[in-house]
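S.K.: Sequence first, then the predicted structure:
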Amino acid sequence: MKKFLNTPEAFVDEMLEGIYRAHPQVTHAAGDLRCYVTANPVPGKVGIVTGGGSGHLPTFLGFVGENMLDGCAVGGVFQSPSSDQILEVTKHVDQGAGVLYLYGNYTGDIMNFDMAGELAELEDITTRTVMGNDDVASSVVGEEHKRRGVAGIFFLYKAAGAAAAEMLPLDEVARITDKARARTRTMGVALSPCIVPEVGKPSFTIGENEMEIGMGIHGEPGISREPLKPADEVVDVMMARIFAETDYKSGDEVAVLINGLGATPLEELYILFRRVSILMEERGVTIRHCWLGEFATSMEMAGASISVLHLDDELEPLLAKPVNTPFFKHIKV
Amino acid sequence: MAMTAEQTRAFYPAWAERFAAEREALIALDGKVGDSDLGITMSKGFAAARDAVAALEEATIAGQMKAAGAALAKAAPSTMGTLMATGFLRGFKALESAGQFGTPEAATFWRAYAEGVAQRGKAQLGDKTVLDVLDPIAAALEASGSPLPQALDEAVTAAAAALEATKDMVAQHGKAAAFQEKSRGLPDAGGTVAVMLVEVMRDVAHRP
């Protein structure tokens, strides 16, 4: 293991201390570094709370900020935060309009967010839940509820944050976010494994000339292990899975996210995007928004994911809304 | 004889005392197939529940369960702590208007507890979890025509038999699932906790 750290045990908390020192627009609640909240709550607005394990920056906490999220309960590396931490974040960000829980579909997170929602109800805070389940590779069509949430949750954050910023009520924010969820698909491919600091070595291997299509962001097994192919062929395989279960028609608009898993350079992401763009062009589909970079990583894993959100007249203006967070800025031009 | 709210208050210090006494035994039991935190979870969680209920000036039977559930969730953030918290909060909701705690209310409490645990833990009967003991406790109380102390005697008998039956099951959930076959022959650690819960309730109900 070759990492910058002091001790593996201090990895998460020292990362958080660094973030708080760098970015005064975020702070922590309840005296707990892991209860990460905006320093500038908007009165009367629906709160958007996320959470999940560490090791995926900028996901999850990186999107707390103006017109996006209000709080994030931070877990250990690849571990769920506790229900109490989620509750403390919830209490802190609630402005009387209720709170939307928006997180990825993982067992531990579900248990703790559900528990927190039940505890919040005792404090007269209304919550709704939307769980990202965009990972096409993690289960088949018809079993979408079993799919994991991965990088595509970024689109949900953006839609939810914009809807809340428009001062829409909780049920409306939840409805819009759920619509974005239903219209988002992601496919990932991994080229090398990641190392959890407290473990100290990779928990799996990927051969020098191999790739694993569909691997999860914690190294969950994917669909197939294959020899690495030229970038265009890799994109064709990934996009074929997405096209197979979507109905993009000529004239439709989409948003595309090309996400690096941690160790893949931006240059390669643009090579992937080039091919995605050509495939969309062939179908007459307009890429109205595209973002490239690191959005949901898996420590130092090499690889990338492609997420596509099928826009409509309601979602497009929400995705276009400017945002300003420590890790992501979207400026109106 | 049904219990009053003043009498059900006594459940909480009795649970705290029992789980403090069983701390090391539960750590050892859980250590065979889990991560050894069960004894810590239960002793810390129920100590917090005891303190939360003691701090209530005046509370209904359900209000005590609510305070205990919230305290368990905060003090014991492990999976088992969260399941126990869920059980008490569901008991609170199911008994919100109850003015006494007799056999029907006990049946309602344990059924709500079992259903809450099944839902939150996504467990099914036979998965070798705490649910495999909670469900028979609820069933025994639902079927009982006896006053509360005797009905709880029957529930304790059912719980002990149900715990024995978990020895033949193979774990499907949590860290124990990684041990699968190794878990065969051992009683489920969560089920052991459920037996203790109902035994203490029985003992308190028998007090004059």
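M.R.: Yep, that arrived.
S.K.: ok, which stretches of chain B are helices?
M.R.: Secondary structure of chain B (DSSP state H): helices located at B:5-8, B:11-21, B:23-31, B:38-54, B:61-75, B:79-94, B:103-121, B:131-143, B:148-166, B:189-205.
S.K.: So for A:G200, which of the ones you listed sits nearest?
M.R.: With distances scored as CB to CB, the stretch of the helices of chain B nearest to A:G200 is helix B:23-31 (23.1 Å). C-betas here are computed from N, CA, C, even on glycine.
S.K.: what comes into contact with the closest one?
M.R.: When contacts are defined by CB atoms under 8 Å, 6 or more residues apart in numbering or on different chains, helix B:23-31 is touched by residues B:19, B:36-40, B:42-43, B:186-187, B:189, B:192-193.
S.K.: And the pLDDT at the closest residue to A:G219 other than its chain neighbours?
M.R.: Distance criterion CB to CB, 6 or more residues apart in numbering or on different chains; nearest residue to A:G219, sequence neighbours excluded, is A:F204 at 5.5 Å. At A:F204 the predicted local confidence, pLDDT, stands at 84.
S.K.: ditto for B:T41
M.R.: pLDDT, B:T41: 88.
S.K.: quick one: it and B:L72 touch, right?
M.R.: No. When contacts are counted by CB atoms under 8 Å, B:T41 is not listed as touching B:L72 (9.1 Å).
S.K.: Quickly list what's touching both of these two.
M.R.: Between them, B:T41 and B:L72 share the contacting residues B:G81, judged by CB under 8 Å, 6+ apart.
S.K.: what's the farthest-apart pair in the contacts of helix B:23-31?
M.R.: Of all pairs drawn from the contacts of helix B:23-31, the one with the largest separation by CB to CB is B:S43 and B:L186; the distance is 21.0 Å.
S.K.: neighbour count winner among those two?
M.R.: Neighbours were counted for B:S43 and for B:L186 using other CB atoms under 10 Å in any protein chain shown; B:S43 has more, 23 against 18.
S.K.: which residues sit in contact with the more buried one?
M.R.: B:A16, B:F19, B:A20, B:E22, B:R23.
S.K.: same thing with A:F113?
M.R.: With contacts defined as CB under 8 Å, 6+ apart, A:F113 is in contact with A:G51, A:S83, A:I86, A:Y101, A:Y103, A:T129.
S.K.: tell me the SS of the residue of the stretch 101-250 of chain A found nearest chain B?
M.R.: Of all residues in the stretch 101-250 of chain A, A:M115 sits closest to chain B, at 5.2 Å by CB to the nearest CB. The three-state label for A:M115, taken from DSSP: H, G, I helix; E, B strand; the rest coil, comes out as helix.
S.K.: Run a quick neighbour tally on the residue lying closest to it once chain neighbours are set aside.
M.R.: Taking CB to CB, 6+ apart, and ignoring the residues beside it in sequence, A:M115 has A:S83 as its nearest neighbour in space, at 3.7 Å. A count of nearby residues for A:S83, using other CB under 10 Å, gives 27.
S.K.: Repeat that for B:A143.
M.R.: 12.
S.K.: Look up how far B:V200 lies from it.
M.R.: 22 Å (CB to CB, to the nearest Å).
S.K.: Same question for A:M167.
M.R.: Taken as CB to CB, the span from A:M167 to B:V200 is 51 Å.
S.K.: Which one's more surrounded, the two?
M.R.: Comparing A:M167 with B:V200 by neighbour count (other CB under 10 Å), the higher total belongs to B:V200, at 23 against 13.
S.K.: which residues touch the more buried one?
M.R.: The contact partners of B:V200, taken as CB under 8 Å, 6+ apart, are B:F11, B:A14, B:W15, B:R18.
S.K.: can you check B:L148 too?
M.R.: When contacts are counted by CB under 8 Å, 6+ apart, B:L148 is found next to B:M1, B:A2, B:M3, B:F101, B:G102, B:T103, B:A106, B:A205.
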